[in-house]
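Student: okay, structure incoming, though there's no sequence with it:
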């Protein structure tokens, strides 16, 4: 009867882990296993290694050299020395646990497995833990370490540790120096999206870690920079038609007339000459945080050459089609952060400043104290 109960519980655990929203919450990236319950077994073996008393004893005794370790192994072995560290080591570890055991021992071992799963399930079902632990795992904190930290803490202490762990990721960040292809950018933008959703206590939607990881979301410029834009000669007129918006920064009458002629006639010009037009249309390059957002790779590639005007149009089209657009990215292109919307088709300095301040405001509790003091002045 007990075997049937274990089999039923085994099936329930496997079924729950088959849900991608749960699976990608607990995994930092795609993790293809024949059966997903193997993840629990592998995790338990990793935790057992981390808690190996023999390793602690060797450190206490100062056993370091090969000769000392070989001598010690004759009478005392570590978990890895017993079960190995290859693809079958987890199997050997659990085979020993269930080999010729009494019913009570088998039941106790199975209860341990269930407890691990129930802990992960509890995190998944708790909206705050889901978002914050999901953020930690997505930014390369090992889930094994999170489980270890939970063991010796109350719920309040564990919640405080999670906040401190997120803070530790931004301890050295200087917002003014954060730039495209530099450190911290993906982590800051991810946290901004997660915390924005979490701050709305009446919101039931959750950040989709499965889509974030499966669709390979990446950092993208809100308004394109000229050095990344490549326009084929036959597409010059279309590109200008879709991307040129005359502002106070476009005061060169000759250049404006040239652009108008290309748009109206469809005639092309030398590609090297057109690069000067691209520079003129897009303006000064901005690689700072105030011109960066998160997008899935498909959307990102589809409009890398585009100015804010055309990107906004495509973002709206893709959302209508059902593509998930991160909430903060959508807020950017809808100009919800902007305090003074002058032109819906231009990502101007006011828009950038408002967006930059909003990012700091939303994730302020995780920023270094010195950074907060500077911003408050």
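Tutor: Done, it's in. None of these values were measured; they are calculated from a predicted model. Numbering: from 1, shown residues only.

Student: which helix or which strand is home to the residue lying closest to residue 16 once chain neighbours are set aside?
Tutor: Excluding the flanking residues, the one nearest residue 16 by CB to CB, 6 or more residues apart in numbering is residue 22, at 6.0 Å. Where you see a C-beta, it was placed from the backbone N, CA and C, and this is true even at glycine. In the assignment (DSSP states H and E), residue 22 maps to helix 20-26.

Student: which helices and strands does that helix pack with?
Tutor: helix 103-125, helix 127-138, helix 209-214 (3 or more CB pairs under 8 Å, 6 or more residues apart in numbering; DSSP states H and E).

Student: so what touches it?
Tutor: By CB atoms under 8 Å, 6 or more residues apart in numbering, the residues outside helix 20-26 that reach it are 16-17, 30-31, 36, 39, 120-121, 123-124, 130, 133-134, 137, 143, 206, 208-210, 212-214.

Student: just the buried ones from the residues you listed?
Tutor: With burial judged by 16 or more other CB atoms under 10 Å, the buried subset of the contacts of helix 20-26 is 16-17, 36, 39, 120-121, 123-124, 130, 133-134, 137, 143, 206, 208-210, 212-213.

Student: could you measure from residue 18 over to residue 37?
Tutor: Distance, residue 18 to residue 37, using CB to CB, to the nearest Å: 10 Å.

Student: which of the two has more neighbours?
Tutor: residue 37 (19 against 12; other CB atoms under 10 Å).

Student: residues contacting the closest residue to the more buried one other than its chain neighbours?
Tutor: Spatial nearest neighbour of residue 37, excluding adjacent residues (CB to CB, 6+ apart): residue 14 at 4.9 Å. Counting by CB under 8 Å, 6+ apart, residue 14 makes contact with 35-37.

Student: quickly find the element holding residue 14.
Tutor: Counting by DSSP H and E, the element that carries residue 14 is helix 2-17.

Student: tell me the mean pLDDT for that helix?
Tutor: Taken as a whole, helix 2-17 carries a mean pLDDT of 93.

Student: thinking again about what came up before, identify whichever of the helices and strands packed on helix 20-26 lies nearest to residue 184.
Tutor: helix 127-138 (13.6 Å; CB to CB).

Student: for the helix or strand just after the closest one, packing partners?
Tutor: In the C-terminal direction, the helix or strand that comes right after helix 127-138 (DSSP H and E) is helix 143-151. Contact here means 3+ CB pairs under 8 Å, 6+ apart; on that basis helix 143-151 packs against helix 38-50, helix 103-125, helix 127-138, helix 155-168.

Student: quick one, what contacts the nearest residue to residue 51 once chain neighbours are set aside?
Tutor: The shortest distance from residue 51 to any non-neighbouring residue, by CB to CB, 6+ apart, is to residue 148 (7.5 Å). Shown in contact with residue 148 (CB under 8 Å, 6+ apart): 47, 50-51.

Student: distance of residue 148 relative to residue 137?
Tutor: 14 Å.

Student: which parts of the host helix or strand of residue 278 are buried?
Tutor: Using DSSP H and E, residue 278 falls within helix 271-282. Buried residues in helix 271-282, counted by 16+ other CB under 10 Å: 274, 277-278, 280-282.

Student: give me the residues contacting that helix.
Tutor: 223-226, 229, 231, 233, 236, 240, 243-244, 250, 252, 255, 258-259, 262, 268-269, 307.

Student: buried subset of those?
Tutor: 223-226, 229, 231, 236, 240, 243-244, 258-259, 262, 307.

Student: about what we covered before: distance of the residue nearest to residue 37 from residue 119?
Tutor: Counting by CB to CB, the gap from residue 14 to residue 119 is 17 Å.

Student: and the strands in the stretch 151-300 of the chain?
Tutor: Along the stretch 151-300 of the chain, counting by DSSP state E, counting those that start in this stretch, strands occupy 218-221, 292-295.

Student: want to throw the ones you listed into CSV with distance to residue 184 and mean pLDDT?
Tutor: Putting these into CSV (distance: least, CB to CB, whole Å; pLDDT from 0 to 100) gives the following:
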stretch, distance to residue 184, mean pLDDT
strand 218-221, 11, 91
strand 292-295, 11, 94
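
Student: any idea which of those is most buried?
Tutor: Most buried of these, by mean neighbour count (mean count of other CB atoms under 10 Å): strand 292-295, with a mean of 24.

Student: helices or strands next to that strand in the packing?
Tutor: helix 185-199, strand 218-221, helix 327-333.

Student: how far does it sit from its chain's centre?
Tutor: 11 Å (CA atoms, centre = their mean, to the nearest Å).

Student: just stretch 334-341 next, same as before
Tutor: Distance, centroid of stretch 334-341 to centroid of chain: 25 Å (CA atoms, centre = their mean).

Student: buried residues of it, list them for me.
Tutor: Buried, per 16+ other CB under 10 Å, within stretch 334-341: 334-335, 337-338.

Student: narrow the residues you listed to those in strands?
Tutor: Among the buried residues of stretch 334-341, DSSP state E puts none in strands.

Student: just those now: which is nearest residue 187?
Tutor: Nearest to residue 187 among the buried residues of stretch 334-341, with distances taken as CB to CB, is residue 337, at 19.7 Å.

Student: that closest one: what's it in contact with?
Tutor: Residues counted as contacts of residue 337 (CB under 8 Å, 6+ apart) are 331, 351, 354-355, 358.

Student: then residue 350?
Tutor: 338-340, 342.

Student: give me the phi and psi angles of it.
Tutor: Main-chain torsions, residue 350, degrees, to the nearest 10: phi -60, psi -40.

Student: need the contact list for residue 345.
Tutor: 245, 308-309, 312.
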